[in-house]
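S.K.: Below is the structure, and that's it, no one-letter string:
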């Protein structure tokens with residue numbers, strides 16, 4: 001009986017070892033087929049652009065294609081839920097930003113945070129965002145904005161997506177500048193532009209690439225960039241810090257897999273993304289489209305950044321959640 005038990009034990013161990021070796025081999029050979037990239041936004045925006053640019057160079061490096069699937073709706077919750085429920089075989093990837101994986105939780109739109117998925121890396125960081133004012137508002141810089149908001153609290157109209165990333169940007173500015181704005185839900189980036197041009201909004205936070213032509217023509221004024229230091233690609237636009245308001249708010253783009261994905265696959269994706277960021281053509285694509293410099297943070301650093309970001313944003317939890325009621 002002992003010999004039979006020993007035989008069964010050895011056979012079980014051999015099968016397990018063989019399966020483990022095969023799994024490791026799969027991870028080493030990954031990708032072996034086209035990868036679905038789930039983007040929690042519609043086609044044509046900054047998140048979609050970053051995902052598709054990554055996909056282009058991923059194919060060049062690996063020889064395997066990425067199929068970008070735009071899955072908007074629910075502020076990104078639909079896309080996250082889809083990836084969360086997908087097979088953790090490395091063939092489904094989430095590509096989004098802190099709006100979906102941090103702000104949604106802070107705003108009470110989701111009962112999960114970034115750790116619901118296996119984070120591979122921060123593939124890029126949007127440093128091309130600016131605060132712009134409408135021509136009709138007469139606001140030329142941060143001093144003008146603060147003076148006007150303090151003189152008549154609650155009258156400067158800030159166009160935003162209520163409960164979203166740009167809403168949090170406005171709340172952060174309010175707190176740090178000691179002012180009170182009037183928040184109005186102006187919808188998507190395109191709708192926000194329309195509101196600014198039509199004088200229905202005085203102020204908005206948006207990617208510079210979207211509004212640069214309007215700024216050049218004088219229809220809008222880019223009053224500040226919320227970066228720690230000037231993004232040189234934005235020209236002479238000053239930071240908030242340079243103008244007396246200590247406001248810094250980046251928007252990292254995150255690559256993540258369903259929970260339980262082989263760590264070797266997660267690590268390999270991070271490595272491939274790093275290779276992509278080292279390509280000069282990639283840098284040129286980012287600059288041309290969104291005035292966005294190249295950024296990359298590996299898994300460990302990405303997790304620390306997301307942790308600190310979540311802690312920082314949580315101080316605005318009550319205000320964000322109240323706005324959604």
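M.R.: Sure thing, it's come through. Everything numeric in this text was worked out from a predicted model, so none of it was measured.

S.K.: After the host helix or strand of residue 133, which helix or strand is next?
M.R.: Using DSSP states H and E, residue 133 sits within strand 129-134. Downstream of strand 129-134, the first helix or strand assigned by DSSP H and E is helix 142-151.

S.K.: got the angle between that next one and strand 129-134?
M.R.: Inter-element angle recorded for helix 142-151 and strand 129-134: 60 degrees (by axes from the mean of the first three to the mean of the last three Cα atoms, to 10 degrees).

S.K.: tell me the mean pLDDT over the host helix or strand of residue 174?
M.R.: Residue 174 is part of helix 165-177, with elements assigned from DSSP H and E. Predicted confidence along helix 165-177 averages 95 (mean pLDDT).

S.K.: Show me which positions of that helix end up buried.
M.R.: Going by neighbour count (16 or more other Cβ atoms under 10 Å), the buried part of helix 165-177 is 165, 166, 167, 168, 169, 170, 171, 172, 173, 174, 177. No exception for glycine: its C-beta is placed from N, CA and C like everyone else's.

S.K.: possible to save the residues you listed as JSON lines with distance to residue 228?
M.R.: Shown next, in JSON lines, are those (distance: Cβ to Cβ, whole Å):
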{"residue": "165", "distance to residue 228": "18"}
{"residue": "166", "distance to residue 228": "19"}
{"residue": "167", "distance to residue 228": "22"}
{"residue": "168", "distance to residue 228": "17"}
{"residue": "169", "distance to residue 228": "15"}
{"residue": "170", "distance to residue 228": "19"}
{"residue": "171", "distance to residue 228": "19"}
{"residue": "172", "distance to residue 228": "14"}
{"residue": "173", "distance to residue 228": "15"}
{"residue": "174", "distance to residue 228": "20"}
{"residue": "177", "distance to residue 228": "17"}
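
S.K.: Give me the pLDDT value at the nearest residue to residue 31 once chain neighbours are set aside.
M.R.: Nearest non-adjacent residue to residue 31, counting by Cβ to Cβ, 6 or more residues apart in numbering: residue 64, 4.3 Å away. Residue 64 carries a pLDDT value of 97.

S.K.: In terms of helix, strand or coil, where does residue 64 fall?
M.R.: coil (DSSP: H, G, I helix; E, B strand; the rest coil).

S.K.: Hmm, it is touching residue 32, no?
M.R.: Yes: using Cβ atoms under 8 Å, residue 64 is in contact with residue 32, at 7.4 Å.

S.K.: which residues in the stretch 51-200 of the chain form helices?
M.R.: For the stretch 51-200 of the chain, applying DSSP state H, counting those that start in this stretch gives helices covering 77-84, 98, 104-106, 142-151, 165-177, 189-197.

S.K.: In a markdown table, list these along with distance to residue 258.
M.R.: Output for the helices of the stretch 51-200 of the chain, formatted as a markdown table (distance: least, Cβ to Cβ, whole Å):
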| stretch | distance to residue 258 |
| --- | --- |
| helix 77-84 | 6 |
| helix 98 | 19 |
| helix 104-106 | 18 |
| helix 142-151 | 43 |
| helix 165-177 | 24 |
| helix 189-197 | 29 |
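
S.K.: Identify whichever of these lies nearest to residue 254.
M.R.: When the helices of the stretch 51-200 of the chain are compared by Cβ to Cβ, helix 98 sits nearest residue 254, at 7.2 Å.

S.K.: average pLDDT for the closest one?
M.R.: Over the span of helix 98, the pLDDT mean works out to 96.

S.K.: What are the contacting residues of that helix?
M.R.: 114, 165, 251, 252, 254, 306, 309 (Cβ atoms under 8 Å, 6 or more residues apart in numbering).

S.K.: what distance separates that helix from the middle of the whole chain?
M.R.: Distance, stretch centre to chain centre, for helix 98: 5 Å (Cα atoms, centre = their mean, to the nearest Å).

S.K.: Could you check how far the residue nearest to residue 31 is from residue 268?
M.R.: The gap separating residue 64 from residue 268 is 12 Å, by Cβ to Cβ, to the nearest Å.

S.K.: And those two? Which one has more around it.
M.R.: Neighbours were counted for residue 64 and for residue 268 using other Cβ atoms under 10 Å; residue 268 has more, 19 against 13.
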